[in-house]
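> fold the following and give me the result.
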Amino acid sequence: MKVKALKFAAKCILATVPAIALIAFTLLCPFCYMDEEYPAWRHAKETSRGDLYDGADFDTVILGDSGAMSSIKPELVGKGCVNLAIGGATSIEMYYLFSEYLKCHDRPEAVVIMFAPFHYWHIDNYEKRTVYFKAIPVGDLPELYENAKLCGASSVRYDGFVSGEISARMGLPGKYLPAITAARFTGRYNDNVRYFEDIVSSRGYGGFGNLKECHDPSYETSYEDMVIDGDAKLIALYLQKLLKLCDDNDIRVRLIQPAVNTETYEGLNEHYYAAYRNYIKQAASVCADIEYEDKLRVYDGKFFADPSHLNEEGADKFTKEVFGP
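So this is what the prediction gives:
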């Protein structure tokens, strides 16, 4: 009986080996299978923790979404600038990212904050990027989910959000197996490493889109108003928390607006644009030392790589406008 029991136990152990090996691979080798967005999120997290640039402190920190990431080139600002903006981010991710930054670095002199207008009221990437890339420190999750509950933010407290978070943190196959299969385990490694090295070299700048120019209107033209639902309330709460964090640490804030191409600007709903501008004015009132803009910049389509993001020439133009020659 003992021999049979031992054999059965041995079979059970052997049966778990593939699953354990897959979980280990998932946790230890994300560059091998993650999509092209992952390197930028990793750059922002590692920079905030002081794991990159020899833990250097920066005078100017850029926070925002893909528009900020593709519009501001730290190399044109100076060695004291780093861009921590990431595609799909809102004030939620940027608040926790910058909170982590301040734990590991001396405070910067200035923070530049820039989001696309719709990212002030719409959460579109929490489950598929924020959770997927484990962007929020574990210790901060109870606070975030409690705030999401109070605000009624359904994109953060979605059906199955607890199991989704656990699956991501533990690297369970159900969460990452589709990506691993698509990458054939290691198929994305070289591209991800190359992109990560490029982002580190540019101190956070990274482009989106591949057109030489783009005159198509962006998705902003499809909105008739800012929808103030639970998601929007949570974003507003974290924008206030982010601005107050800067205020409490005597950090000068520049709340700037992205550039849009001419076709987008001409196609904006007047009510939507007015609501957005009023939102910015109200948000800026919580911060003592703040310079803010409430108007979108308008560039010719020759400066865009897709309807929403500047090409490299556009980024040069934008950076020089915001920070001077």
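> how about stretch 30-39: buried residues?
30, 31, 32, 33, 34, 35, 37, 38, 39 (16 or more other CB atoms under 10 Å). Heads up, the C-betas are built off the backbone N, CA and C, glycines and all.
> again with stretch 114-131
For stretch 114-131, a neighbour-count test (16+ other CB under 10 Å) marks 114-123, 125-127, 129-131 as buried.
> so what pLDDT did residue 240 get?
What the model reports for residue 240 is a pLDDT of 97.
> returning to that earlier point: from the buried residues of stretch 114-131, which land in strands?
residue 114 (DSSP state E).
> tell me the one of the buried residues of stretch 114-131 nearest residue 256?
residue 114 (5.0 Å; CB to CB).
> contacting residues for residue 238?
90, 91, 92, 94, 95, 147 (CB atoms under 8 Å, 6 or more residues apart in numbering).
> what segments of the stretch 101-250 of the chain are helices?
Counting by DSSP state H, counting those that start in this stretch, the stretch 101-250 of the chain has helices at residues 141-151, 161-170, 173-183, 189-201, 230-248.
> just put those in TSV and tack on distance to residue 61.
Converted to TSV, the helices of the stretch 101-250 of the chain look like this (distance: least, CB to CB, whole Å):
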stretch	distance to residue 61
helix 141-151	21
helix 161-170	26
helix 173-183	30
helix 189-201	15
helix 230-248	10
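> tell me which of these sits nearest to residue 77.
When the helices of the stretch 101-250 of the chain are compared by CB to CB, helix 189-201 sits nearest residue 77, at 15.1 Å.
> average model confidence for that closest one?
98.
> would you pull up how far that helix lies from the middle of the chain?
17 Å (CA atoms, centre = their mean, to the nearest Å).
> from here on, call the first residue 7.
Shifting the count to begin at 7 puts that one at helix 195-207.
> buried residues in it, which are they?
195, 198, 201, 202, 205, 206.
> outside of that helix, which residues touch it?
Contacts for helix 195-207 (CB under 8 Å, 6+ apart): 35, 37-38, 40, 42, 44-46, 48-49, 58-59, 211-212.
> biggest separation within those residues, which pair?
The largest separation in the contacts of helix 195-207, counting by CB to CB, is between 35 and 211 at 26.3 Å.
> more neighbours: those two, which one.
residue 211 (26 against 15; other CB atoms under 10 Å).
> just the pLDDT at the more buried one, thanks.
Value listed for residue 211 in the pLDDT field: 98.
> how about residue 19?
At residue 19, pLDDT is 56.
> quick check: end-to-end length of stretch 39-47?
15 Å (CA to CA, to the nearest Å).
> run the chain-centre distance for that stretch.
11 Å.
> swap in stretch 113-126?
On CA atoms, centre = their mean, the centre of stretch 113-126 falls 11 Å from the chain's centre.
> strands along this protein, start to end?
So, for the chain - with DSSP E - the strands run 66-70, 87-89, 116-120, 258-261, 265-267, 296-298, 303-305.
> burial check on the residue lying closest to residue 245 once chain neighbours are set aside, number of neighbours?
Of all residues not flanking residue 245 in the chain, residue 97 sits nearest, at 4.0 Å (CB to CB, 6 or more residues apart in numbering). Close neighbours of residue 97, defined as other CB under 10 Å, add up to 26.
> returning to what we had before: out of the helices of the stretch 107-256 of the chain, which one sits most buried?
Per residue and on average, the most neighbours among the helices of the stretch 107-256 of the chain fall to helix 236-254, with a mean of 20 (mean count of other CB atoms under 10 Å).
> please export the C-alpha coordinates of that helix as PDB.
Output of helix 236-254 as PDB, limited to C-alpha atoms (Å, rounded to 0.1, in the frame of the first residue of the first chain):
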ATOM      1  CA  GLY A 236     -18.100  56.100 -12.400                       C
ATOM      2  CA  ASP A 237     -14.900  55.700 -14.500                       C
ATOM      3  CA  ALA A 238     -14.800  59.500 -15.000                       C
ATOM      4  CA  LYS A 239     -15.200  60.200 -11.300                       C
ATOM      5  CA  LEU A 240     -12.300  57.800 -10.500                       C
ATOM      6  CA  ILE A 241     -10.100  59.500 -13.100                       C
ATOM      7  CA  ALA A 242     -11.000  62.900 -11.600                       C
ATOM      8  CA  LEU A 243     -10.300  61.700  -8.100                       C
ATOM      9  CA  TYR A 244      -6.800  60.400  -9.100                       C
ATOM     10  CA  LEU A 245      -6.000  63.600 -11.100                       C
ATOM     11  CA  GLN A 246      -6.700  65.500  -8.000                       C
ATOM     12  CA  LYS A 247      -4.600  63.100  -6.000                       C
ATOM     13  CA  LEU A 248      -1.700  63.400  -8.500                       C
ATOM     14  CA  LEU A 249      -1.900  67.200  -8.400                       C
ATOM     15  CA  LYS A 250      -2.000  67.300  -4.600                       C
ATOM     16  CA  LEU A 251       0.900  64.900  -4.500                       C
ATOM     17  CA  CYS A 252       2.900  67.400  -6.500                       C
ATOM     18  CA  ASP A 253       1.600  70.300  -4.400                       C
ATOM     19  CA  ASP A 254       2.500  68.600  -1.100                       C
END
